[in-house]
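>>> Fold the following and give me the result.
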Amino acid sequence: MSIRIAGNMGAFYPGSCAEIDRMIDHFNGILDEALTDKSVLEAKPRAIIAPHAGYVYSGFTANVAHRILGNSLPKRVVVIGPSHHVYFEGVSVGLHDLYQSPCGDVPVDRAYAEELARRFGLVFVPEAHKKEHSTETQIPFVHHYEPEAKVVELIYGRIDYTALVPIIDAILADPDNAVVISSDLSHFYTLEQAKRLDNICLAGVAEEDVSLLDKGCEACGILGIKAIVAVAKEHGWKTQLLDYRTSANASGDTSRVVGYMSALILP
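Numbers count the residues shown, from 1 in each chain. Purely as a prediction, here's the structure:
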């Protein structure tokens, strides 16, 4: 059995299942107390956008989206994120059988991954999957909220966002599938500068306007964001912003921050 080793376990997120559960319970406790209108928690999205930094910084923001995605009861969750460590052309699909996670190995739908590879000419770049945190940080949330679901990991390198659109479109043509688009926002600006840049990203998603995202949005996963926005607009689906914050919320350091957003894609 080929296992996708979780190279960031114990770093970006806890290596203990009990600690993962405690963090998620903590995030949900804050969320339940803060929300006056809890109707959003009943939504059934087809896809979400979620950040991928350390859980101390972006876990709350990611958890909101994953919690709501669980309502859709997907049988398969395709996690799509940018490559941070390995340069390559195109999209790499993880051809593994299991995905290591703190609460137990998650089954990978390898047959479906191979089908996507054949249909769209995807490659498998093993090195790109070894320590890619953009996708890996999503897996404990998927496993928590969709414990019966299988996963597929797609990591993109140098590619135009338009090449991702038909892939995501085909994935979401199956009602048993859900998509997680992984992206953080701006990196290492002052808090004031970050909010100005990140507001462009937020507006582009909220208004389903890909061209707006080209006017200053500095999301590291902007290609995935553009692609899911394009798919949503094509199908007449709605986007809904959930949470925005920066690393300053956790660290108190406003001199060099990273921005985080989560959003729903609703039919």
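
>>> Hmm, residue 250 and residue 56 touching each other?
Yes. With contact defined as CB atoms under 8 Å, residue 56 counts as touching residue 250 (5.5 Å). (Glycine included, C-beta is placed from N, CA and C.)

>>> residue boundaries of the helices in the stretch 1-150 of the chain?
17-34, 55-69, 110-120, 126-130, 133-136, 139-145 (DSSP state H, counting those that start in this stretch).

>>> What average pLDDT does the last one get?
Okay, so that is helix 139-145. The average of the pLDDT scores along helix 139-145 is 98.

>>> same deal with the longest one?
Here the mean pLDDT over helix 17-34 is 98, rounded to a whole number.

>>> ditto for stretch 104-112
Per-residue scores along stretch 104-112 average to 98.

>>> most centrally placed residue in this structure?
Closest to where the C-alpha atoms of the chain average out (CA atoms, centre = their mean) is residue 182, at 2.7 Å.

>>> if I look at the nearest residue to that one once chain neighbours are set aside, how far off is residue 150?
Spatially, and ignoring its direct neighbours in sequence, residue 182 is nearest to residue 81 (3.5 Å; CB to CB, 6 or more residues apart in numbering). Applying CB to CB, to the nearest Å, the value for residue 81 to residue 150 is 18 Å.

>>> Which one of these two is surrounded by more residues?
A count of neighbours by other CB atoms under 10 Å puts residue 81 above the other of residue 81 and residue 150, at 26 against 21.

>>> my read: residue 262 touches residue 52, true?
No. Shown here, residue 262 and residue 52 do not form a contact pair, counting by CB under 8 Å, at 10.9 Å.

>>> Between these two, which is the more surrounded one?
residue 52 (28 against 24).

>>> tell me the phi and psi of the more buried one?
phi -140, psi 30 (degrees, to the nearest 10).

>>> where does it land on pLDDT?
98.

>>> and residue 100, how many residues sit next to it?
16.

>>> Please apply the same query to residue 169.
15.

>>> Neighbours of the closest residue in space to residue 32 that isn't next to it in sequence, how many?
Among residues not flanking residue 32 along the chain, residue 38 sits closest, at 7.5 Å (CB to CB, 6+ apart). By other CB under 10 Å, 9 other residues sit near residue 38.

>>> What pLDDT does the model give residue 38?
94.

>>> now swap in the one 10 residues further on and tell me
Residue 48 carries a pLDDT score of 99 in this model.

>>> what's the neighbour count on it?
Neighbour tally, residue 48, other CB under 10 Å: 28.

>>> One more: residue 91?
24.

>>> In this structure it contacts residue 159, no?
Yes. Using CB under 8 Å, residue 91 is in contact with residue 159, at 6.3 Å.

>>> Need the phi and psi values for the closest residue to residue 218 other than its chain neighbours.
In this structure, residue 218 finds its nearest non-sequential neighbour in residue 186, 4.5 Å apart by CB to CB, 6+ apart. When read as degrees, to the nearest 10, the backbone of residue 186 gives phi -70, psi 150.

>>> Cool, thanks, talk later.
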